[in-house]
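Visitor: predicted model, plus sequence, below.
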Amino acid sequence: MTFLQISQEHQYLTIIQKWYEGSFPPDERRNFNDLLQLLPCPEMHLCALIDQDHLVGFIIYWQWADAVFVEHFAIDPEQRGKQFGQRALNQLLRRESPYFILEVERPEDEISRSRIRFYERQGFYLNSFDYAQPPYQRGNLPIPMRLMSIPAIIEQDEFEGFSQLIKERVYERFY
């Protein structure tokens, strides 16, 4: 699997937009045009996931010295169940970083519990601290979620530090 970083207009963006908007509710994602404005940002990586010359998904992650934060990750709905997601995460986890962090919906229904189990099989831990995804647009409400990470975040102070880092560098910075 290849991570093809997209940092400017690209032919794959049309299908990635379809998957992005189809996989995430409007309040859990940016307006796609706003996302395109971030493509030149050196910390943000929007990568097309390529397998044998075919686009099979995408991942959006932020890389800093102290953590990699996965903002969005989706596989082509017609390709799910073929281990592309597992292979993409395994490749991401080869990057040099002390922490890998992502947001998930709280385990309140079978879909969210299944998603959490998928990430747990990849080595992520569901952290026990309360977390709210900051809103993508100023004036909207935060969304109750959970953070998963490798390794587990055990200390409350450390968890709050990562939560603040994500809030400042991924969300509020772009209002």
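Guide: Nice, I can see it. All values derive from a computational prediction rather than experimental measurement. Numbering: from 1, shown residues only.
Visitor: neighbours of Arg115, how many?
Guide: Neighbour count of Arg115, defined by other CB atoms under 10 Å: 14. For glycine as for every other residue, the C-beta is placed from the backbone atoms N, C-alpha and C.
Visitor: list the buried residues of the longest strand seen in the chain.
Guide: When the chain is parsed with DSSP state E, its longest strand is strand 54-63. The neighbour-count criterion (16 or more other CB atoms under 10 Å) identifies Leu55, Val56, Gly57, Phe58, Ile59, Ile60, Tyr61, Trp62 as the buried residues of strand 54-63.
Visitor: same question for stretch 17-27.
Guide: Neighbour-count burial for stretch 17-27 [16+ other CB under 10 Å]: Trp19, Tyr20, Ser23.
Visitor: not counting its neighbours along the chain, what's nearest Ile6?
Guide: Leu46 (5.0 Å; CB to CB, 6 or more residues apart in numbering).
Visitor: wait, the one you found touches Leu4, no?
Guide: No. Assessed by CB atoms under 8 Å, Leu46 is found out of contact with Leu4, at 9.6 Å.
Visitor: okay, the two: which has more neighbours?
Guide: Leu46 (24 against 13).
Visitor: that one bridge partners, please.
Guide: Beta bridges link Leu46 to Ile60, judged by DSSP bridges.
Visitor: quick one, what contacts it?
Guide: Gln5, Ile6, Ser7, Ile16, Leu35, Leu38, Leu39, Phe58, Ile59, Ile60 (CB atoms under 8 Å, 6 or more residues apart in numbering).
Visitor: what strand or helix carries the fifth one?
Guide: Same thing as Leu35. Leu35 is located in helix 32-37, with elements delineated by DSSP states H and E.
Visitor: about what we covered before: name the helices or strands packed onto the longest strand of the chain?
Guide: Using 3 or more CB pairs under 8 Å, 6 or more residues apart in numbering; DSSP states H and E, the elements in contact with strand 54-63 are helix 13-23, strand 44-51, strand 68-75, helix 84-92.
Visitor: turn those into a markdown table, including distance to Phe174 and mean pLDDT.
Guide: Formatted as a markdown table, the helices and strands packed on strand 54-63 follow (distance: least, CB to CB, whole Å; pLDDT from 0 to 100):
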| stretch | distance to Phe174 | mean pLDDT |
| --- | --- | --- |
| helix 13-23 | 16 | 98 |
| strand 44-51 | 10 | 98 |
| strand 68-75 | 12 | 98 |
| helix 84-92 | 23 | 97 |
